Structure formats: structure tokens, C-alpha cells
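K.L.:
Next one to model:
(one chain, ligands or ions: 2)
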Amino acid sequence: MPANPFTPTFGIVPAYMAGREDVIGELLRALDNGVGDPNLVTIVSGARGTGKTALLSYVADEAAARGWIAVNVSALPGMLDEIIQQTKKRAEHLVEPSGTARISSIRFGNIAEVKLQEAESEAATWRIRMEDLLDELAETSTGLLITIDEVREDLDEMIQVASAMQHFLREHRNIALLMAGLPTHVSALLQNKSVSFLRRANYHDLGTVEDFEVAQAMTKTIEGAGRSIGDEALEKAVASINGFPYMLQLVGYRAWEASPESLCLSVADIDVGVSHARIDMRRKIFDTTFKELSKGDVRFLAAMLEDEGASELADIARRMGKKSNYASEYKRRLIEQGVIADRGQGRLRIEIPLFKDYLKERLGHDMPKGRGC
Ligand SMILES: Nc1ncnc2c1ncn2[C@@H]1O[C@H](COP(=O)(O)OP(=O)(O)OP(=O)(O)O)[C@@H](O)[C@H]1O
Ligand SMILES: [Mg+2]
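P.N.:
Ligands and ions are numbered 1, 2, ... in the order given. Down below sits the predicted model:
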């Protein structure tokens, strides 16, 4: 019985990446071009489960395969030290161990001179310690990629890395920085005045992926692991996934488990898979997202539910019983959280697939009431 190839676990690089070719292509070309490429500093944002961590890991693996040293951290206290430690560990074969004196040059003449370098000063700033490491990496023309996941604007160390990066780039050092986070944190970070240079960084918003990309990834994942899927079953799976990477893994994983002994995934397997996957989505994505919403956010979303397609801000405000400028504050908040998106000409849509159905179910009985008609 072939092993289940789907990976419905956060942070795991999937067997096949659905879509994301543009952002991955840009990043890998930047690594190949090296110093001076504008995409060497890239920020990606996306709602939960859109594949930010998987993307960082994928690019880090590719960078390592190209000879870069890749270090991966999350924006948490201690991050600066973690970057130094990981760099040293991964570059053990290139960088001298710190804290010990080492021979840096030997000159022969009448007198042989052995110059001993001083042990690394503990008091050195992070930037200086990094410069020393980057100098050593430069001797073997090795680049350093730092990936920072779950970026936060309120972490001092985050600001320190970003501002040091600006200097490293100015000094033409072979370094790249790839950051990812939820839209609210990314946009707050970009508003921070001390790192305004990040506003000029390459930016990608990881939304959903296209249906044909979902179909391709599903087929390749299933066939790569020794089973197959018929057209009707595939169509059903794709329609239930709505372009959401985490849902792709959930549906695939659950459908695979439905009758693991048969060679072909059937329509019935997909039906079972989808109904289990919806429960998983509810627990792992929707409940968490809902808990993070303020009362005002919920009122705003509730006012969107009666529209079949996109909603107009004026209608939402009227249903909330508020003025448009009051409602637009919540519109801004929800866009930043990646929950809604502006589809142009003020038409707003709930962006996280299936979240609208979840909200209808959850708010169905006690929908916050406005004074609208
Ligand atoms: N492009 C993709 N194609 C197929 N599956 C993917 C893709 N990207 C991520 N996944 C899968 O989706 C799930 C969620 O991915 P990931 O943990 O990277 O999301 P995230 O955006 O970091 O979520 P969070 O904000 O909660 O940290 C994982 O199971 C991962 O294997
Ligand atoms: Mg993540």
C-alpha cells in the first residue's frame, strides 16, 4: 500500500508546490544573479494556510542546493543570536569557530611571524558580528540567505535585522533576506519609519492558487506516490479546494485514506475527503481567524453575508447602521488581516475560501444587527 504523500501539516514543503512559480522564479533568479538584484530582499504576506512557511523552506532548500548558506528563523526574541549560531553551524566548513584565537596570517622571512587574532568580542554589535561572518563567507564567494517567518513589527530585533540589511546591501555583500508574515504584521512592519527601506523591497501577497495549478499538483502528488485519480473525482476535489493550499493537502490526505487499498481515488473517496477536510479547516484555520477578529470586524463581515458575490462599502455601512468612513476603518483592518480583498471599484470580497460559509453558519442565529433595512 503506497504511503500517503499529502502533507496537511503547517510548515511542511508539499510533495508538489501548486502555483507560486512567479515568486519562486524571481527569488531563485535573484540568488543566481547575486549582489545588486532588487529581489534579494523580498517580503511575502498571506492569510493562514496559504503556504508562507512552505515557500520559505522551499526557497531555503533551493538556495542551499545552489551553494548558499541558508538560515531560517521566526521573528521571536533571541532571533539575532539564532541567526549568528545557525550561520556558524551551517558554514562550519567555511567559517572559523569563534571564541578561540586563530592564526590569520603567517609570514616567513628572517623571523616567522604568527599573528593571532583576538577572540571575538562579546560586546560587538550584531551588525559587526555579522560583518565578520560575511567577510569569511565572501572569501569562498558564498552567499547568505536569511529567512524570517512570522514577522512582527513590535519586535526590536526585527527592526535591527532590517536596518542592518540596508547597510549590508550598500556594502555590496552577498546576502539575501526573505521574510513572511500575516498581512496585518507585514503592513505594520512596512509602516515602521526606522525600516522605510523595506517599502522598496520586492513584495508578494500569497493569495489562492489557480484551479489548474491545484489540479496539476493533485495529479502529480497522487501519481508520484503510485496511485491515480479519474477526471470526475479530480474536478470535484478542485472545486472543493477553492485554490487554498492547506485545503489541497487536507482533501488529498483525507481522500487518500478513504480507501487506501484501491489504486484509483474515486469520487466517493473525494466526497469523504472533502467532508473531513472541512472539519479540519474549521478547527485549524477558521476558529483561529475568527478569534482574532474584533466585534467591529465581525459586524462588518456579517453585513457582507447577504450579498451573493462582492459587496459595496456603502451597502455594508448602511447595514451596519454606520457612516461609510466608520465602516472603511474596518474595511482597512480586514484587508490588512487578509480576510477581505478589494476587487476594484470598491467591490469587496471575503478572501479566505469557505470562510463566508463558516461565518454564515457561525453567525446565522445571532448575527449582529445594524439599523439598516
Ligand atoms: N504551493 C503549495 N501547494 C500545495 N500545498 C502547499 C503549498 N504551500 C503550502 N502548502 C501546504 O499548505 C499547508 C500550509 O502551509 P504553510 O504552513 O506554509 O502555511 P502558512 O501560510 O505558513 O500558515 P500560517 O500563517 O498558519 O503559518 C501545509 O500543509 C503545506 O504543506
Ligand atoms: Mg507559517
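
K.L.:
could you pull out the strands for the chain?
P.N.:
Using DSSP state E, the strands of the chain run over 41-45, 69-74, 103-107, 113-116, 144-149, 175-181, 202-205, 228-229, 264-265, 311-312, 340-342, 347-350.

K.L.:
Paired strands for the last one, with orientation please.
P.N.:
To tie it back to what came earlier, the one meant is strand 347-350. Applying DSSP bridges, strand 347-350 is found paired with strand 311-312 (antiparallel), strand 340-342 (antiparallel).

K.L.:
Now render those as TSV, adding mean neighbour count.
P.N.:
For the C-beta atoms, the positions are set from N, CA and C on the backbone; glycine is no exception. Shown next, in TSV, are the strands paired with strand 347-350 (neighbours: other CB atoms under 10 Å):
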stretch	mean neighbour count
strand 311-312	20
strand 340-342	19
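
K.L.:
Format the strands of the chain as JSON lines; extra columns: distance to ligand 2.
P.N.:
Converted to JSON lines, those look like this (distance: least, CB to the ion, whole Å):
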{"stretch": "strand 41-45", "distance to ligand 2": "11"}
{"stretch": "strand 69-74", "distance to ligand 2": "9"}
{"stretch": "strand 103-107", "distance to ligand 2": "41"}
{"stretch": "strand 113-116", "distance to ligand 2": "45"}
{"stretch": "strand 144-149", "distance to ligand 2": "6"}
{"stretch": "strand 175-181", "distance to ligand 2": "7"}
{"stretch": "strand 202-205", "distance to ligand 2": "15"}
{"stretch": "strand 228-229", "distance to ligand 2": "28"}
{"stretch": "strand 264-265", "distance to ligand 2": "28"}
{"stretch": "strand 311-312", "distance to ligand 2": "29"}
{"stretch": "strand 340-342", "distance to ligand 2": "20"}
{"stretch": "strand 347-350", "distance to ligand 2": "21"}
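
K.L.:
which one of these is the most hemmed in?
P.N.:
Most buried of the strands of the chain, by mean neighbour count (mean count of other CB atoms under 10 Å): strand 175-181, with a mean of 25.

K.L.:
Number of residues surrounding residue 193?
P.N.:
Residues near residue 193, counting by other CB atoms under 10 Å, number 6.

K.L.:
repeat for residue 306
P.N.:
Residues near residue 306, counting by other CB under 10 Å, number 11.

K.L.:
weakest of the strands of the chain by average pLDDT?
P.N.:
Among the strands of the chain, strand 113-116 has the lowest mean pLDDT, at a mean of 40.

K.L.:
I'd assumed residue 159 was in contact with residue 79.
P.N.:
No - counting by CB atoms under 8 Å, residue 79 stays clear of residue 159, with 11.2 Å between them.

K.L.:
which one of these two has more residues nearby?
P.N.:
The residue with more neighbours, out of residue 79 and residue 159, is residue 79; 20 against 17, by other CB under 10 Å.
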